[in-house]
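Undergrad: When you get a sec, could you give me coordinates for this:
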Amino acid sequence: MRRGKLRVLLGAAPGVGKTFTMLEEGRRLRGEGKDVVVAVVETHGRAATAALVDGLEVVPRREALHRGVTLDDMDLEAVLTRRPDVALVDELAHTNAPGGAHEKRWQDVEALLDAGISVISTVNIQHMQSLGDVVREITGTVQRETVPDGVVRAADQIEVVDLSPQALRDRLADGLVYPASRIDAALSNYFRLGNLTALREIALLWLADEVDDALKAYRAEHGIDHRWETRDRVLVALTGGPEGETLLRRGARIAARGAGGELAAVHVTTNDGLRDRHPGALGKQRALLEQLGGTFHQVVGDDVPTTLVRFARSIDATQIVIGVSRRSRLVAALTGPGIGNTVIQESGDIDVHVVTHERAGGGFALPRLGGSLSPARVLAAFGVSLGLGPLLTWLLSFGNDPDAITVDVLAYQLLVLVVALTGGMLPAVFTAVLSGLSLDFFFVQPLYKVTVQQPWHLVALVMYVVSAVLVSFVVDRSARRSRTARRAAAESGLLVGIAGSVLRGDDALQALVDRTREAFGYAGVRVRQGDAVPATSGTFGDRPDATTGLPSGAVLEFAGAPDDPTQRRLLRVVEQQIDAALEHRALTETATDAERIQAVDRVRSAILAAVSHDVRRPIAAASAAVQTLQARDITLTAADQAALLDTANQSLGALATLLADLLDVSRVQAGALAVHRATTPLSTVIAPALDELELGPDDVDLDLPKDTPPVTADPVLLQRVVVNLLANAVRHAPAGSRVRVGASAFAGNVELRIADHGPGIPEDRREDVFQPFQRLGDTDNDSGLGLGLALARGFTEGMGGSIEVDDTPGGGLTVIVRLPIAGHLDLEPTTHRHTTAPDGEAAG
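TA: This is a model prediction of the structure:
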C-alpha cells in the first residue's frame, strides 16, 4: 500500500493563521475533486475559522468519559474506516484524551499515513521537542505538549504560515485570536513583541535548516557533486599566524554582504606544522571568530591545500579566504607554487579571495623539511644536481689551472652537501658520483677522458660518496625527529580544540565525537553502548565502515572512513579521550543519584528535628490541659473547664495540622505523592479554603472572572495549595490591608495570583522560600514549621503545574500558580517525583 503524504503548516505562535490556511487548502482540494474530510479542527471560537468548516465533511469526534468529565477527540478508527484521500488534522502536538489508540495525535497521523491517507496538519514552533529549553528561556513558559522533530522533518512538505509580530499583536488586540477577557494578559505576557520576534526567527531558521538538509539529500540522491550557491558560506583558512585577524574580519564583511551569509574558519593541523606559528594567536583568533558569529573547525591532513578544499566542499562553502603567502619571492621561485596557488587550482567553482597582510612576502626562509623527505623534495634535489652541476663545471672551466684543483674539489664537495641537505641519500650519492666523474673528465690530466691513473682519484670518489651518505643520514634523522615533535604538536592542537569546546559548555562526549568527525574527515562517527547511542555526529548508512572497541565496553563506529594509516596514532589518543568521557558521564550519573538520596536523607533528618521541637509544644499544651481537668484537688468553674477543653482542642488541632504537613512533605520528597487529576473549577477550592481559614471580604479581595475555565488538578491538593498560600499572605500582610486573589487564562494555562502588600522577599532569596523548614526572619510560636510554600510547590508540580513568586506592584509579594486548562493535559492519575534539598533556615 502506498503511504500517504504529510504536509505540515508551521507557525511561530498561535493566531498566525495555520488552521485557517489548512481549511482553505482543504476547500481548494475538494474543489479539484479530492475526497477531503475534517478529522479534527480546533477553531478556538474564531468565527472566520469556523465559517471555513461549513461545506466540508466533518468526521464525528469520539467521546470519552473520564472521572465524570466528558472529553472529545479525533476518532481515529472512524477516519480509517472512512478512508478519504486527504484528512485535515489540527494541532499535531496535541495529547489525546484517554481511551484512544495512541497517546499523542502525531501518532494518530502516522497511522493515517500508513493507511495511505494523506494528511494536512498544523503545529507551532514552540511545540518542537528540541526547542523546549529555548522557548522556555524566551517566553518563560514550559511546553508540555511536544512533537519529535523527526516527525515534522519527515513530512513531504513543510510550509511556514508567517505573520509579522506587530500584525499578530494587532489581530490579538482586535479580538481575532482570544476573547476580550484574555487579551490584556496575552499582550503583556506571551505575546510581547520581543517574544514574537524571537519565535518568528526560530521558525524561519528551523525551516531554513530543513530546506538545506533537503537540498543536500537531493544532490546526494542525484549524484550532483558541484556546489549550488543557495546561500553564501565563507570559509577562512587560518594558519595560526598573526594575519588571522585580518582574514577573519575580511571574511565577516564578505559574509555580511548577502542575506543569510555564514562565516566559518578552519585550521589544518599538519604532521610537520608551521615553523613560525605564534603561540596563542590561534586561540585569540578563535575568540574573535565567536564574536563575529562564526564557527571554528580543525582538521588534520598532510596535504594542506587538498584538505582545505575538501573541507570547504563538505560544508558547501561558496568562498574561501586565504592570506598571501609569507614566503619571499626567492623561496617561491625555488620551491614552486605555494599553498595559495594550489588552493586556487583545486577550488574549482569555489571563489578564492587572496588577502594581503603585513607579513606577506616575508624574509628568506629555508624550505620546510618534511618528515621522511617527500618525493617532491627528492625530485627537487635531483633538479638542483642536474642544474647546478653543469653550471658549476662551466664556471670552474674559466680558471682551468692545475694548481686550482683544490678549489675545484671543494666546489664539487659543496654541491654534494647542498643536494644532500635538500633531497637526502639518493640525490646526494648521484651528485657525488657525477661530481667525481666531472672532476676527472674536465680538470684532471689527461683532460676529457675518464681515467683512474692515480689511486687517490678513486679515494676521492669514495670520499665524495661517503660524505654524501653521512650528511644524508643526519638530514634524515633530523627530519624524523622533527616529524615526531610536530606530530605531537598536531595532536596537542587537536586536543586543545576539543578541550575548548568542552570549556565553552559543550557536552564533552558530543564535542569529542563532533571534532573527531571533522578532524579526520569521516562522514559519520558515533558511540554505541549496547543498543544505546550516547553520541553521534554525521550520517551513517546501513552499517558502519569501521569499528573500534573501547576499554569501557563501548564501540566507536565510523562511516566513510578515510584510508590514512598515519592518522591512527592520533585517532587512538582521541579514542582514549572518548572512553574517559564515557566513564565521566557514568560517574556523574552515579553522583547525581547519590545526591538525590542524600537530599532525601537531609529532609528526613529535618523532619525528625521538627518532630522533636515544634510538635512538642501542642502536645505539652494539650497534656497540661487534660491533666488539669483530671486533677481532683483543683476546683474548676464551668468557664475554666471550657477554656481548658478549648486549649486542648486547639493544641490537638494544631498537632494534627503539623503532622499532616510533615507527612505530605515526606511524601513529596520521597516521590510517593499520588495525584488524581480531574476537571476542577477554581471556585470549588477557593471558597472552602477561605472558610477553613475563616477569611472574609475584609481580609481577601476576590477577582475571579465568571468565564475562567476549569483547570486540570487534584481538588484536594489544590485546596491545600490555596490554604498554604493564603495563610502565608495573610500572615505577612500589613494590618488593614487585604490579600488579593485573582485568576486569568493564558496560553493553555490558568494563572492563579495571590498577592499581599507585606515586606516581600529579596530576589536572591526567592528560591529559598520553596525549601522545606525555611522561614524569613524571627518567628513566633504560631509560625509553623516553614513547610507552606514547599508543600505548595510540591503539590503544584505534582499536578502538572508550576509556581513562582514576583513583586506586587506597590510593594509586597505575589505568588503565581499556573495549572493547565482542563482538556489540555492527560487526566490519568500519576505518582509525582520531586526532590529538593533544604539548606539553612530562612523563610516560610
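Undergrad: CA atoms for contacts and neighbours, from now on please.
TA: Noted.
Undergrad: for the residue located most distally from the centre of the chain, helix, strand, or coil?
TA: The C-alpha centroid of the chain is most remote from residue 446, which lies 83.5 Å away (Cα atoms, centre = their mean). Classification of residue 446 using DSSP: H, G, I helix; E, B strand; the rest coil returns coil.
Undergrad: and the helix or strand containing residue 740, what other elements does it pack with?
TA: Assigning secondary structure by DSSP states H and E places residue 740 in strand 739-746. Using 3 or more Cα pairs under 8 Å, 6 or more residues apart in numbering; DSSP states H and E, the elements in contact with strand 739-746 are helix 180-188, strand 700-703, helix 715-732, strand 749-755.
Undergrad: Need the CA coordinates for that strand. CSV is fine.
TA: Provided in CSV are the C-alpha atoms of strand 739-746 (Å, rounded to 0.1, in the frame of the first residue of the first chain):
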residue,chain,number,x,y,z
VAL,A,739,-4.9,40.0,50.2
ARG,A,740,-5.9,39.9,46.5
VAL,A,741,-6.8,36.6,44.8
GLY,A,742,-7.2,36.8,41.0
ALA,A,743,-7.2,34.4,38.1
SER,A,744,-6.8,34.6,34.3
ALA,A,745,-6.4,32.2,31.4
PHE,A,746,-3.4,32.4,29.1
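Undergrad: Please tell me how far the residue farthest from the centre of the chain sits from residue 167.
TA: Distance, residue 446 to residue 167, using Cα to Cα, to the nearest Å: 104 Å.
Undergrad: Residue 247 now?
TA: From residue 247 over to residue 167 (counting by Cα to Cα), the distance is 42 Å.
Undergrad: Those two - which one has more neighbours?
TA: Taking other Cα atoms under 10 Å, residue 247 and residue 167 do not tie; residue 247 has more neighbours (24 against 11).
Undergrad: for the more buried one, what are its contacts?
TA: 236, 237, 238, 321, 322, 323, 355 (Cα atoms under 8 Å, 6 or more residues apart in numbering).
Undergrad: wouldn't the second one be in contact with residue 322 here?
TA: Yes. In this structure, residue 237 sits in contact with residue 322. The criterion is Cα atoms under 8 Å, and the distance is 5.4 Å.
Undergrad: Now do the phi/psi pair for residue 31.
TA: For residue 31, the backbone dihedrals (degrees, to the nearest 10) come out as phi -70, psi -20.
Undergrad: Which pLDDT does the model give it?
TA: pLDDT, residue 31: 91.
Undergrad: repeat for residue 313
TA: On pLDDT, residue 313 comes in at 85.
Undergrad: Packing partners of the helix or strand hosting it?
TA: In the assignment (DSSP H and E), residue 313 maps to helix 304-314. Using 3+ Cα pairs under 8 Å, 6+ apart, the elements in contact with helix 304-314 are strand 262-269, helix 339-346.
Undergrad: related to what we said a few turns ago, please identify the most buried of the helices and strands packed on strand 739-746.
TA: The highest mean neighbour count among the helices and strands packed on strand 739-746, using mean count of other Cα atoms under 10 Å, belongs to strand 749-755: a mean of 24.
Undergrad: For residue 324, which non-adjacent residue is spatially closest?
TA: residue 356 (5.1 Å; Cα to Cα, 6 or more residues apart in numbering).
Undergrad: now the one you found: how far from residue 282?
TA: Residue 356 is 19 Å from residue 282, by Cα to Cα.
Undergrad: Which residue of the two possesses the greater neighbour count?
TA: When residue 356 is set against residue 282 and neighbours are counted by other Cα under 10 Å, the residue ahead is residue 282, at 20 against 16.
Undergrad: Now residue 300. Nearest residue, chain neighbours left out?
TA: Residue 300 sits nearest to residue 269 (Cα to Cα, 6+ apart), 4.8 Å away.
Undergrad: ok, back up a step: using neighbour counts, pick out the buried residues of the helix holding residue 313.
TA: For helix 304-314, the neighbour count (16 or more other Cα atoms under 10 Å) marks 304, 305, 306, 307, 308, 309, 311, 312 as buried.
Undergrad: Who does the nearest residue to residue 58 once chain neighbours are set aside form a beta bridge with?
TA: Distance criterion Cα to Cα, 6+ apart; nearest residue to residue 58, sequence neighbours excluded, is residue 38 at 4.6 Å. Taking DSSP bridges as the rule, residue 38 bridges to residue 58, residue 88.
Undergrad: Would you confirm that residue 698 contacts residue 740?
TA: No. Using Cα under 8 Å, residue 698 is not in contact with residue 740; the gap is 11.0 Å.
Undergrad: quick one, which of the two is more surrounded?
TA: Remark: of residue 698 and residue 740, residue 740 carries more neighbours, 18 against 10, as counted by other Cα under 10 Å.
Undergrad: these two touch, right, the more buried one and residue 755?
TA: Yes. In this structure, residue 740 is within contact of residue 755 by Cα under 8 Å, at 5.1 Å.
Undergrad: before we move on, back to that, how much space separates the residue farthest from the centre of the chain from residue 393?
TA: According to Cα to Cα, residue 446 and residue 393 sit 17 Å apart.
Undergrad: next one: residue 170
TA: From residue 170 to residue 393 the distance is 92 Å (Cα to Cα).
Undergrad: more neighbours, the two?
TA: Set residue 170 next to residue 393 and count neighbours by other Cα under 10 Å: residue 393 wins out with 18 against 14.
Undergrad: Tell me how far the helix or strand that one falls within lies from the chain's centre.
TA: Residue 393 belongs to helix 375-397 when assigned by DSSP H and E. Remark: helix 375-397 is offset 59 Å from the chain centroid, using Cα atoms, centre = their mean, to the nearest Å.
Undergrad: Counting by contacts, list what the very next helix or strand once past it packs against.
TA: Remark: after helix 375-397, the chain's next helix or strand is helix 405-423, criterion DSSP H and E. With contacts taken as 3+ Cα pairs under 8 Å, 6+ apart, helix 405-423 sits against helix 375-397, helix 425-443, helix 455-503.
Undergrad: picking up where we left off before, so which of the helices and strands packed on helix 304-314 is the most packed in?
TA: Counting by mean count of other Cα under 10 Å, strand 262-269 has the highest mean neighbour count of the helices and strands packed on helix 304-314, with a mean of 24.
Undergrad: Buried ones in the helix or strand following that one, by neighbour count?
TA: Per DSSP H and E, the first helix or strand lying C-terminal to strand 262-269 is helix 281-291. By neighbour count on 16+ other Cα under 10 Å, the buried set for helix 281-291 is 281, 282, 285, 286, 288, 289.
Undergrad: and the last one, how far is that from residue 323?
TA: Relative to residue 323, residue 289 is positioned 16 Å away (Cα to Cα).
Undergrad: Quick check: buried residues in the one helix or strand residue 138 maps to?
TA: In this assignment (DSSP H and E), residue 138 forms part of helix 132-139. Under the neighbour-count criterion of 16+ other Cα under 10 Å, helix 132-139 has 132, 135, 139 buried.
Undergrad: Could you export it as CSV, CA atoms only?
TA: C-alpha atoms of helix 132-139 as CSV (Å, rounded to 0.1, in the frame of the first residue of the first chain):
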residue,chain,number,x,y,z
GLY,A,132,11.7,23.3,24.5
ASP,A,133,14.5,24.9,26.5
VAL,A,134,15.0,27.7,24.0
VAL,A,135,11.2,28.6,24.1
ARG,A,136,11.2,28.4,27.9
GLU,A,137,14.1,30.8,28.1
ILE,A,138,12.4,33.3,25.7
THR,A,139,8.8,33.1,26.9
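Undergrad: Pull the distance from it to the chain's centre.
TA: Centre to centre, stretch against its chain (Cα atoms, centre = their mean), the figure for helix 132-139 is 13 Å.
Undergrad: by contact count, what packs against that helix?
TA: If you count contacts as 3+ Cα pairs under 8 Å, 6+ apart, helix 132-139 packs onto helix 193-221.
Undergrad: Need the contact partners of the following helix or strand past the helix it packs on.
TA: Later in the chain than helix 193-221, the nearest helix or strand by DSSP H and E is strand 233-238. By Cα under 8 Å, 6+ apart, the surrounding residues in contact with strand 233-238 are 244, 247-248, 251-252, 254-255, 261-268, 282, 308, 312, 316-323.
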